[in-house]
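Enquirer: This is a predicted model, with the sequence first.
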Amino acid sequence: MSDPQSYIDKNIKKFENELFELLRIPSVSTDSKRKDDVKKAADFLINQLESIGLDKVTLHETPGHPIITAEICPHDDKPTVLIYGHYDVQPSDPDHLWKTLPFEPTVKDGRVYARGASDDKGQSFTHIKSVEAYLKTGTEIPVNVKFILEGEEEIGSPNLIPFIKNNKDLLSCNMVLISDTAMFGEDQPSITYGLRGLAYMEIHVTGPNRDLHSGVYGGAVENPANVLCEIIAKLKDDDGVVQISGFYDDVESMTPEMREAYKQLPFDEEEFKSDLELKAVHGEKGYSSLERASARPTLDVNGLWSGYQGEGAKTVLPAKAGAKVSMRLVPDQDPNKIAQLFADHVKSLAPDTVTIEVESHHGGHPVVIDLNYYGLKAAAKAFEEIYDKEVLFSREGGSIPIVADFKKVLGVNSILMGFGLTKDALHSPNESFSLKDFHRGIKTSAKFFELLPDFVE
């Protein structure tokens, strides 16, 4: 029998092929026409978990997409790690911008290109394979491991929190392990210890009861598209500072220590601009690009629609206009409070010539983990042994709302052991994941399980 690390090395091509099989399933949770595909992805993972020998492998139906749980818990005196991941993915559109088929994994230059390759199928699959390496070699896994895999993360996990609250005993653990973040750079392992929160909103502006001829009615009837543009333009100033009253009231101030830690990160702004083909960066004055992107709150339009979108010209005064807006939040902002402040502010800007509705979608609380937490220390050591490089600690601008919920409901911290890179193009065309980091991710996960008992306080 080989040891787990050797088993991983010998079976990496098999692991890659299994990942490719999962990536071929278009499990787009937001698309009702893909409901069967989401279920197909869940069934694939059920089969994986059963085949490697996990106990209590269960598919739990919900009002939406299924939740999967499984475990291997041979110890009474060792930590229990709950591994969280999601098997649903973002829509692939705009498909014409993909250089390969989004649901046919294609390997180029050591990377696999497919929707979900990095977010989150490839990353979460590393932990299934690391557990397999223990069970298939007859090596006793050094800690207790549980899995919870969901199919609704990309739509705000509406059924996950009720499930966690109703299954606290099933999910009881000492910590949660999540791989759904990025390393700081290529061959530079890092652990994310902070995430921004989220408040996601939608604005609808309605004017006349139908689209109108812009020549016959223009100048006499308010144009909802014009109104929406004017409202959006007033949400931030020229430096990106949000103009909503009370928006910054609860924002955690950056301490000198925090700012010094950011300066230690090997960030090259010129390379950052070059990668994005930008002439200049933009944001709040007095903050670096890294600080703006992870430690400061934001407001951004994510979608905008109104009027004629087809080829050529159509002189129409649209009856409706809409926008989707997300706000990334930092400690100690509350997403519910921010959503209400946003709605009140937007409505205050609307003239009486139109009707305006503001809808709140999903949100999440920001979170920061104490750097002295023993789970973080074990994860850092595991990274260092596999990557042979000192680990950096960074905060990330994205949101994983479940991290705060795990803390609130189960009372445990989360370890954000990301193996992706910012260039993976999450949520964008041509998403990809380094197969080298898929390999190293499996090995790091296995090493984490091996080392964790030595770090227990």
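Expert: Happy to help now that I have it.
Enquirer: For residue 121, which residues are in contact?
Expert: Residue 121 is in contact with 19, 22, 23, 87, 89, counting by C-beta atoms under 8 Å, 6 or more residues apart in numbering. In short, each C-beta sits where N, CA and C put it, glycine included.
Enquirer: helix/strand/coil for residue 450?
Expert: For residue 450, the secondary structure call by DSSP: H, G, I helix; E, B strand; the rest coil comes out as helix.
Enquirer: Now do the contacts for it.
Expert: Going by C-beta under 8 Å, 6+ apart, residue 450 touches 4, 142, 382.
Enquirer: now those residues in JSON lines, with neighbour count?
Expert: What follows is those, written out as JSON lines (neighbours: other C-beta atoms under 10 Å):
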{"residue": "4", "neighbour count": "25"}
{"residue": "142", "neighbour count": "20"}
{"residue": "382", "neighbour count": "25"}
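Enquirer: Save those residues as CSV, and put in distance to residue 68, secondary structure and pLDDT too.
Expert: Converted to CSV, the contacts of residue 450 look like this (distance: C-beta to C-beta, whole Å; DSSP: H, G, I helix; E, B strand; the rest coil; pLDDT from 0 to 100):
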residue, distance to residue 68, secondary structure, pLDDT
4, 23, helix, 98
142, 23, coil, 98
382, 25, helix, 98
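Enquirer: And those residues, which is closest to residue 275?
Expert: Taking C-beta to C-beta as the measure, residue 275 lies nearest residue 382 of these, at 28.6 Å.
Enquirer: among the contacts of residue 121, who's most crowded?
Expert: With neighbours defined as other C-beta atoms under 10 Å, the most crowded of these is residue 89; it has 31 neighbours.
Enquirer: And the helix or strand bottoming out on mean pLDDT in the chain, what's buried?
Expert: One helix or strand of the chain scores below all others by mean pLDDT, DSSP states H and E: helix 256-263, with a mean of 86. Neighbour counts over helix 256-263 (16 or more other C-beta atoms under 10 Å) mark 261, 262 as buried.
Enquirer: helices or strands next to it in the packing?
Expert: Counting contacts by 3 or more C-beta pairs under 8 Å, 6 or more residues apart in numbering; DSSP states H and E, helix 256-263 is packed against helix 289-294.
Enquirer: Which strands or helices does the helix it packs on pack on?
Expert: Packing partners of helix 289-294 (3+ C-beta pairs under 8 Å, 6+ apart): helix 256-263, strand 392-396.
Enquirer: at 10 Å instead, please
Expert: Identification of packing neighbours for helix 289-294 by 3 or more C-beta pairs under 10 Å, 6 or more residues apart in numbering; DSSP states H and E yields strand 190-195, helix 256-263, helix 269-276, strand 392-396.
Enquirer: so how far is that helix from its chain's centroid?
Expert: 17 Å (C-alpha atoms, centre = their mean, to the nearest Å).
Enquirer: which residues are in contact with that helix?
Expert: Helix 289-294 is contacted by residues 184, 192, 194-196, 240, 254, 258-259, 262-263, 265, 267, 269, 272-273, 281-287, 298, 328, 330, 394-398, 422 when judged by C-beta atoms under 10 Å, 6 or more residues apart in numbering.
Enquirer: Please check these and keep the buried ones.
Expert: Neighbour counting with 16+ other C-beta under 10 Å marks 184, 192, 194-196, 240, 254, 262, 265, 267, 283-284, 287, 298, 328, 330, 394-398, 422 as buried within the contacts of helix 289-294.
Enquirer: Residue 364: neighbour count?
Expert: Look at residue 364: counted by other C-beta under 10 Å, it has 23 neighbours.
Enquirer: same deal with residue 138?
Expert: For residue 138, the neighbour count with other C-beta under 10 Å is 8.
Enquirer: again with residue 109
Expert: Residue 109: 8 neighbours (other C-beta under 10 Å).
Enquirer: The one 5 residues further on now?
Expert: Neighbourhood size, residue 114 [other C-beta under 10 Å]: 29.
Enquirer: Which ones among the contacts of residue 121 map onto helices?
Expert: Cross-referencing the contacts of residue 121 against helices under DSSP state H gives 19, 22, 23.
Enquirer: Same list (those residues) but as JSON lines, adding distance to residue 204 and pLDDT.
Expert: Compiled in JSON lines, the ones in helices among the contacts of residue 121 are given as follows (distance: C-beta to C-beta, whole Å; pLDDT from 0 to 100):
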{"residue": "19", "distance to residue 204": "40", "pLDDT": "98"}
{"residue": "22", "distance to residue 204": "37", "pLDDT": "98"}
{"residue": "23", "distance to residue 204": "36", "pLDDT": "98"}
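Enquirer: any weak-confidence spans in the chain?
Expert: 1 (pLDDT under 70).
Enquirer: Could you chop it up by domain?
Expert: Here the domain parsing of the chain from automatic domain parsing is 4-195+366-455, 197-250+297-364, 252-293.
Enquirer: now the last one, how far from the chain's geometric center?
Expert: Think domain 252-293. Domain 252-293 sits 21 Å away from the centroid of its parent chain (C-alpha atoms, centre = their mean).
Enquirer: now the end-to-end length of that domain.
Expert: Domain 252-293 has an end-to-end distance of 15 Å (C-alpha to C-alpha, to the nearest Å).
Enquirer: now stretch 193-212
Expert: OK, stretch 193-212 end separation, C-alpha to C-alpha: 52 Å.
Enquirer: same thing with stretch 24-35?
Expert: With C-alpha to C-alpha as the measure, stretch 24-35 spans 15 Å from end to end.
Enquirer: what sits up against it?
Expert: By C-beta under 10 Å, 6+ apart, the residues outside stretch 24-35 that reach it are 36-45, 64-65, 86-93, 101-105, 114-116, 121, 150-157.
Enquirer: Quick check: buried residues in that stretch?
Expert: By 16+ other C-beta under 10 Å, the buried positions in stretch 24-35 come out as 24, 25, 26, 27, 28, 29, 34.
Enquirer: Pull the residues that contact the least confident helix or strand of the chain.
Expert: Residues from elsewhere that reach helix 256-263 (C-beta under 10 Å, 6+ apart): 194, 252, 254-255, 287-291, 294-295, 368, 371, 392-395.
Enquirer: circling back to that earlier point, of the helices and strands packed on helix 289-294, which is nearest residue 337?
Expert: Checking these against residue 337 by C-beta to C-beta gives strand 190-195 as the closest, at 18.3 Å.
Enquirer: got the buried residues for the next helix or strand after the closest one?
Expert: Where DSSP states H and E defines the elements, the next helix or strand beyond strand 190-195 is strand 197-206. For strand 197-206, the neighbour count (16+ other C-beta under 10 Å) marks 197, 198, 199, 200, 201, 203, 204, 205, 206 as buried.
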